[in-house]
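Trainee: Structure for this input, please:
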Amino acid sequence: MKNENIPADIKSKSLKEARAEIDAILSKLEKQETNLDESIGDYQRLIFLNKHIDLLFKKKFKEFSEKKTND
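Mentor: Residues are numbered from 1 along each chain as shown. Model prediction:
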């Protein structure tokens, strides 16, 4: 999944905001009364949120590595 595929509302989230949404979705999915159609959409959103967090970590790691190399 490329960065371009991530919806804009997810791309604009901070790490903390993305993590909070993931927690909310997981809590919702853990309930027995969840609707299958909603669950599929929630699961897809989880994938996008996870990818966004992964990209944020990679960006921070790259910044850290470059800073360490320049020191």
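Trainee: Report the central residue of the protein.
Mentor: residue 49 (2.0 Å; CA atoms, centre = their mean).
Trainee: distance between the helix or strand hosting that one and the chain's centre?
Mentor: Taking DSSP states H and E as the criterion, the element that holds residue 49 is helix 36-70. Relative to its chain's centre, helix 36-70 lies at 5 Å (CA atoms, centre = their mean, to the nearest Å).
Trainee: Do me a favour and average the pLDDT over it.
Mentor: Across helix 36-70, pLDDT averages out at 90.
Trainee: Stretch 22-29 now?
Mentor: Computed over stretch 22-29, the average pLDDT equals 93.
Trainee: Which positions within it qualify as buried?
Mentor: Applying a neighbour-count criterion of 16 or more other CB atoms under 10 Å, one finds 22, 25 buried in stretch 22-29. Backbone N, C-alpha and C define where each C-beta goes, glycine included.
Trainee: Neighbours of residue 14, how many?
Mentor: 9 (other CB atoms under 10 Å).
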